[in-house]
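S.K.: structure for the following, please:
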Amino acid sequence: MIPKLAVIPAKKDSERCPGKNCRLFAGRPLFQYSVSYALQEGFMPIVSTDSEEIMEYCRREGIRYVREKVNDKRMENCIHQVLSGISCKMFAILQPTSPFRRAGLLRQMAEDMEKGEIHSAYTAHRIKMIGHLDGQFHVAHREQDARKFFYFFDGNINAITQKHFQESGTLFDNDSRPYLNDFPCCLQIDTEEEWKLLARLSGNEEYQGLLASEGREKRICIVSNKRNLKRNYSAFVDSCDKIMRVNKMDNLNSGLAGTRTDILLISCFYGYLAFSPAERHMDMLPEIPEIYFNNEELGCSNEFACREGLKNWKFMPGAVHRSTPNFTTLSKALCLADYLFPDAQLYYLGDTDMNLRASGSPKHHASVENAYIQSLIDHGRIIPILEDEAGEFYYSSPLLPGSASSESPSMKEEPAEDIVIRHPQWTDQFHIEGKRGRRLHRNDAAVILQHDEEKLVLQWDNWGREEFYEMEEGNYQYLSYHCTSSINEVNKYADELLINPCDGTNSVWLNFRHPFICMKYHQWEGLLLLDRMCLDIEREIRKMPSLKSILLTGICKDALVALILAVRLKKDFPHLHMGVWGCPWPLDFSGKSPMHQGKYISPAHAQIREKKTFSSLFQHYGDPLAILRQETSSGLHLFGFYSSNPHWFCDADATKRLEPYLTKTYVHQAEGNEEIAHVHGKITQLVKQKPELIQSWMKEMFQKMIQSECGENSNKSVMSISA
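M.R.: Numbering: from 1, shown residues only. Reported below is the predicted structural model:
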């Protein structure tokens, strides 16, 4: 919530004084004086306009604005439109046509409203009565003799609390307090003659002090790596005093986000180093005045800086590092700018929803970072300047009930419902009324985009979109999912690709030579996202014009995911050699397998079968043998891998069931029973600790995929690896 908002209505057309709002007045556009006065009085200005010229000026100067769609003369409707996207405690209307204002007057109105003395105020010119009023003639030759006064609203300042405006629907009422406003502040520009009069007055030194000075603060612009910009922001970005960018500085490639870089923040981890020197703009680094490295990669950063001969580099201040644990680089950059430039105005060119950025990063904590960014925006510390297709600023501020136009038709009331939502960072009751809902124990509200027997899709007011799946009646589980790809301009011409569906925090293929795609998701529930996974993989595959072979790898349930994805990919890319390396293969969930009556997946996952959402999913996908018998699986190469530990006989048996379809089997020879509880962890360790061995397996599998035929394979072989 913005505590104090100032609305500057600046329409394009004026019948008696055309284009007056953007005319130069004493060297500046007329509406700019109202913007400057708002900042001077501690109010956040926002311009409401239908003028492309004024909007372009606002974009260039970093002034908030909304595209006005109201086509009538009522000021209330203009205010309704502005407040439909922004909430505040109080707001003021500063009409551009009255540029002379007394310093401190709006601040005094705000203080009186904060004390609860008034809820509405306006500036007025007091007139003693000489003439008829209500049918009676009043005369007072001296002001001290007057019995009645008329307080004439001069259009200079009008302030009101948002609560009272929503309740009353009007800007004035009987309890509104007038604040006396003397000449020339009571004058307004409505005609050409009045324009000429005020233009002459602006040259009077006595009145020049009533024009709010520009008072421009130092401007710092933080530019994200966003590429798909819709407008050219270069003029504004390069006009700022300091420009901070992050990591690869992708925005430079667009040509729409300026050319200067004064400060660079780098997270020197494998993802950054995996890109080519050209993509990381390495030639620019020695010339950048200040380079900060993320403190979470100390050793790697120091080695990188020394190897590249960088001189103007340092680690982030400790206060910033401690304030941003596990934040993505962009959020750290905002915190760093806030720390380095406490007295400057910060601008941010990029999205204001962390769910849209860095979704593949293990440091991705959207809700926490969204709340942090939102607080910076709400308090005016950061002004976002990225616009949507309509040319308006995107704000994540929540909508307030009743903030829509008073002429909107009333909606039919729908029954309320309470459910439970389980999120990685919280569990809370969620109250649903119609198309909106809110958390019970925190002031988080959302628009409900979809709500049915399987899925709940929310567009949170304070951050982005999230999906929840119903695990049992009335209980919904959040499904986190990230797809990471190492495909870049250098390796996109490779002919082999690894795909690893993995729900852990570590990918065992990160240090391999092959380009890879890694999907991370939330345990077994992630199987509900198979369609989304397939689309992400297909998008990445199309980046590799020379690709010939794909090997999908998986442990436990990930083997089933790998198999399903391979069958789908084989259908869409029949020219590619497709293989799956898996351990162990999940069993038939129906329990009807001849060898495994009553066995489900593994002893630790029997409870999975009881979850509501999996009944239809595993009826279709539950048995890998059934999948391989389908005609669509023709031409698919299968490689098995399991442990010989006696306790895990179901893994070995499940793999042997697929023997007719296996090109090769790899067996991990266990030592005793010490691995009973950690067999899958041992497999992961084996892959990590013996990279040369695994590399030889991968090479062998890719070769067999090209050389051999799959199906009823008579050239099967088994390789045993001791513990």
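
S.K.: how about the spatially closest residue to V237 that is not a sequence neighbour, what does it touch?
M.R.: Taking CB to CB, 6 or more residues apart in numbering as the measure, V237 lies nearest to G258, with 3.2 Å between them; neighbours along the chain are not counted. Bear in mind the C-beta positions are built from the backbone N, C-alpha and C, glycine included. For G258, the set of contacting residues under the criterion of CB atoms under 8 Å, 6 or more residues apart in numbering consists of 221, 223, 233-234, 236-238, 243.

S.K.: where does G258 land in three-state SS?
M.R.: Here G258 is coil, with the state taken from DSSP: H, G, I helix; E, B strand; the rest coil.

S.K.: give me phi/psi at it?
M.R.: For G258, the backbone dihedrals (degrees, to the nearest 10) come out as phi 80, psi 180.

S.K.: ok, it to L349 distance?
M.R.: G258 sits 9 Å away from L349, taking CB to CB, to the nearest Å as the criterion.

S.K.: between those two, what contacts are shared?
M.R.: For the pair G258 and L349, residues contacting each of them under the criterion CB under 8 Å, 6+ apart are 221, 223, 233, 237.

S.K.: coming back round to it: how close does the residue nearest to V237 get to L547?
M.R.: As judged by CB to CB, G258 and L547 stand 37 Å apart.

S.K.: swap in D536?
M.R.: Between D536 and L547 the computed distance is 16 Å (CB to CB).

S.K.: more neighbours: these two, which one.
M.R.: For D536 versus L547, the count of surrounding residues by other CB atoms under 10 Å is larger for L547: 22 against 19.

S.K.: is it true that that one touches A494?
M.R.: Yes. With contact defined as CB atoms under 8 Å, L547 and A494 form a contacting pair (7.3 Å).

S.K.: OK, contacts around L210?
M.R.: L210 is in contact with 100-102, 184-185, counting by CB under 8 Å, 6+ apart.

S.K.: want to throw those into JSON lines with distance to K699?
M.R.: Compiled in JSON lines, those are given as follows (distance: CB to CB, whole Å):
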{"residue": "F100", "distance to K699": "80"}
{"residue": "R101", "distance to K699": "77"}
{"residue": "R102", "distance to K699": "81"}
{"residue": "P184", "distance to K699": "85"}
{"residue": "C185", "distance to K699": "82"}
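
S.K.: just give me the closest of these to S168.
M.R.: Taking CB to CB as the measure, S168 sits nearest to R101 out of the contacts of L210, at 25.4 Å.

S.K.: pretty sure that closest one sits in a helix.
M.R.: No. Residue assignment for R101, taken from three-state DSSP, gives coil, which places it outside any helix.

S.K.: what's the local residue count around the nearest residue to it once chain neighbours are set aside?
M.R.: Once its chain neighbours are removed from consideration, R101 has its nearest residue in Y37; the separation is 5.2 Å (CB to CB, 6+ apart). Per other CB under 10 Å, the neighbour tally for Y37 reads 30.

S.K.: and the host helix or strand of Y37, what does it pack onto?
M.R.: When elements are defined using DSSP states H and E, Y37 is found to belong to helix 30-40. Counting by 3 or more CB pairs under 8 Å, 6 or more residues apart in numbering; DSSP states H and E, the packing neighbours recorded for helix 30-40 are strand 2-9, strand 44-49.

S.K.: list the buried residues in the helix or strand containing Y151.
M.R.: Here Y151 is covered by strand 149-161, with elements defined by DSSP H and E. With burial defined by 16 or more other CB atoms under 10 Å, the residues of strand 149-161 counted as buried are 151, 153-161.

S.K.: right, and I79 touches F165 too?
M.R.: Yes. The criterion here is CB under 8 Å, and I79 meets it with F165 at 7.1 Å.

S.K.: shared neighbours of these two, anything?
M.R.: Where contact means CB under 8 Å, 6+ apart, the residues bridging I79 and F165 through contact with each are 91, 171.

S.K.: tell me which of those two has more neighbours.
M.R.: The residue with more neighbours, out of I79 and F165, is I79; 24 against 21, by other CB under 10 Å.

S.K.: now do the same contact list for G209.
M.R.: Going by CB under 8 Å, 6+ apart, the list of residues near G209 reads A103.

S.K.: phi first, then psi, for it.
M.R.: Main-chain torsions, G209, degrees, to the nearest 10: phi -70, psi -10.

S.K.: next one, pLDDT for it please.
M.R.: Looking at G209, its pLDDT stands at 74.

S.K.: what of the one 5 residues further on?
M.R.: pLDDT for E214: 66.

S.K.: returning to what we had before: so the residue nearest to R101 versus Q703, what's the distance?
M.R.: Counting by CB to CB, the gap from Y37 to Q703 is 75 Å.

S.K.: quick one: the strands in the stretch 151-300 of the chain, in order.
M.R.: 177-180, 219-223, 242-246, 263-266, 290-293 (DSSP state E, counting those that start in this stretch).

S.K.: show me what the second one is packed against.
M.R.: So that's strand 219-223. Contact here means 3+ CB pairs under 8 Å, 6+ apart; on that basis strand 219-223 packs against helix 234-239, strand 242-246, helix 329-340, strand 345-349.

S.K.: rerun at 6 Å
M.R.: Counting contacts by 3 or more CB pairs under 6 Å, 6 or more residues apart in numbering; DSSP states H and E, strand 219-223 packs against strand 242-246, helix 329-340, strand 345-349.

S.K.: same check, this time on the third one
M.R.: Helices and strands touching strand 242-246, as assessed by 3+ CB pairs under 6 Å, 6+ apart, comprise strand 219-223, strand 263-266, helix 329-340.

S.K.: of the ones you listed, which is nearest I8?
M.R.: Taking CB to CB as the criterion, I8 comes closest to strand 219-223 out of the helices and strands packed on strand 242-246, the separation being 19.6 Å.

S.K.: mind exporting the C-alpha coordinates of the closest one to CSV?
M.R.: Taking only C-alpha atoms (Å, rounded to 0.1, in the frame of the first residue of the first chain), the coordinates of strand 219-223 have been written out as CSV:
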residue,chain,number,x,y,z
ARG,A,219,18.9,8.6,-10.3
ILE,A,220,20.1,5.0,-10.2
CYS,A,221,18.8,2.5,-12.8
ILE,A,222,19.0,-1.3,-12.1
VAL,A,223,18.5,-3.2,-15.4
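
S.K.: so how far is stretch 194-214 off the chain centroid?
M.R.: A distance of 44 Å separates the C-alpha centroid of stretch 194-214 from that of its chain, computed with CA atoms, centre = their mean, to the nearest Å.
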